[in-house]
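[1] here are the coordinates; sequence isn't available:
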């Protein structure tokens, strides 16, 4: 066991399997005590099983740290509070929060039900808010904390995942917001866009959805091959452990890509082309004026999904 996180106490959601498990163990390897939170459900959010969380607790203890399990639902504001309180009750305080829990219900927008939309947003976006809300109240008082959220490259948009992508886009914005609000109190908030071979991203439903992207011309076959040939989740543990350490105290409001041996940085969205005029003197834009400005605003733009020609 290393000691870069020795004496720190962490809450990790979705820690029973996949990326969450890998992160819980990476923190434990560096000496952090861990609250292993996992409802134990299926990739679509159904069911419950205590076995995954209990198994990771045992693995953490073998590394020489303290660990306890929590089986609540991150989409529940009350359950989320219980997860944070469990860390304080068992270890004395909370230093680290890793929001990893997630589910997937892939459908094209025209086939997606209200329930499929609501459930995915509840687990990913609301779940991230729920845990962060309760953790930030304590971290603000102690003037220290590390929050790590899970985004996805799906936040830039992708067929069959509008609910998932919208939730991840919300998490990116939430990460930026928390970073700005909590930074003055010594609390950092960053996010990762992971890429790993887990049951969530390589389920038959997800694979079918990715194939539709190729069929629709949104993705190339090469992109599909890259997305379905992924490294084990353990490959991304180091960057998360680093971001949760004192060594990363100056890193706040950042989104990093982590896939196998590849690390990347997602630059925040910025206005790239700006056309302005004195609105008090010139008044509002006319339809014709807007049309005239479009070639300048969209220089180099390519429609990512142009209409198909009718056969």
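    Sure, I can see it. What you are looking at is a predicted structure, and each value in this text was computed from that prediction instead of being measured.
[2] Show me the strands in the stretch 151-300 of the chain, by range?
    In order along the chain, the stretch 151-300 of the chain carries the following strands (DSSP state E, counting those that start in this stretch): 187-195, 255-259, 262-266.
[3] Who are the packing partners of the longest one?
    In terms of contacts (3 or more Cβ pairs under 8 Å, 6 or more residues apart in numbering; DSSP states H and E), strand 187-195 is packed against helix 127-142, strand 145-150, helix 162-182, helix 237-243, strand 255-259. For glycine as for every other residue, the C-beta is placed from the backbone atoms N, C-alpha and C.
[4] coming back round to it: with mean neighbour count and mean pLDDT added, can I get the strands of the stretch 151-300 of the chain in JSON lines?
    Listed next are these as JSON lines, based on neighbours: other Cβ atoms under 10 Å; pLDDT from 0 to 100:
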{"stretch": "strand 187-195", "mean neighbour count": "25", "mean pLDDT": "94"}
{"stretch": "strand 255-259", "mean neighbour count": "20", "mean pLDDT": "91"}
{"stretch": "strand 262-266", "mean neighbour count": "12", "mean pLDDT": "92"}
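[5] what's the closest of those strands to residue 235?
    Nearest to residue 235, of all these, is strand 255-259, at 7.6 Å by Cβ to Cβ.
[6] That closest one vs strand 262-266, what angle?
    Between strand 255-259 and strand 262-266, the angle comes out at 160 degrees (axes from the mean of the first three to the mean of the last three Cα atoms, to 10 degrees).
[7] Strand 255-259 pairs with which strands, parallel or anti?
    Strand pairing for strand 255-259, determined by DSSP bridges: strand 187-195 (parallel), strand 262-266 (antiparallel).
[8] Which other helices and strands does the lowest-mean-pLDDT helix or strand in the chain contact?
    Lowest on mean pLDDT, DSSP states H and E among the helices and strands of the chain sits helix 204-215, with a mean of 77. For helix 204-215, the elements it packs on are helix 221-228, judged by 3+ Cβ pairs under 8 Å, 6+ apart.
[9] So which elements touch the helix it packs on?
    Helix 221-228 packs on helix 204-215, going by 3+ Cβ pairs under 8 Å, 6+ apart.
[10] Touching the helix it packs on from outside, list them.
    104, 106, 108, 158-161, 200, 219-221, 223-224, 227-228 (Cβ atoms under 8 Å, 6 or more residues apart in numbering).
[11] Pull the distance from that helix to the chain's centre.
    How far helix 204-215 lies from its chain's middle: 21 Å, per Cα atoms, centre = their mean, to the nearest Å.
[12] what do you get for stretch 111-122?
    That offset, for stretch 111-122, works out to 18 Å (Cα atoms, centre = their mean).
[13] just stretch 144-161 next, same as before
    From the chain centre to the centre of stretch 144-161 is a distance of 3 Å (Cα atoms, centre = their mean).
[14] buried ones in that stretch?
    Buried residues in stretch 144-161, counted by 16 or more other Cβ atoms under 10 Å: 144-155, 158-161.
[15] Then stretch 83-100?
    Neighbour-count burial for stretch 83-100 [16+ other Cβ under 10 Å]: 83-87, 91, 94-100.
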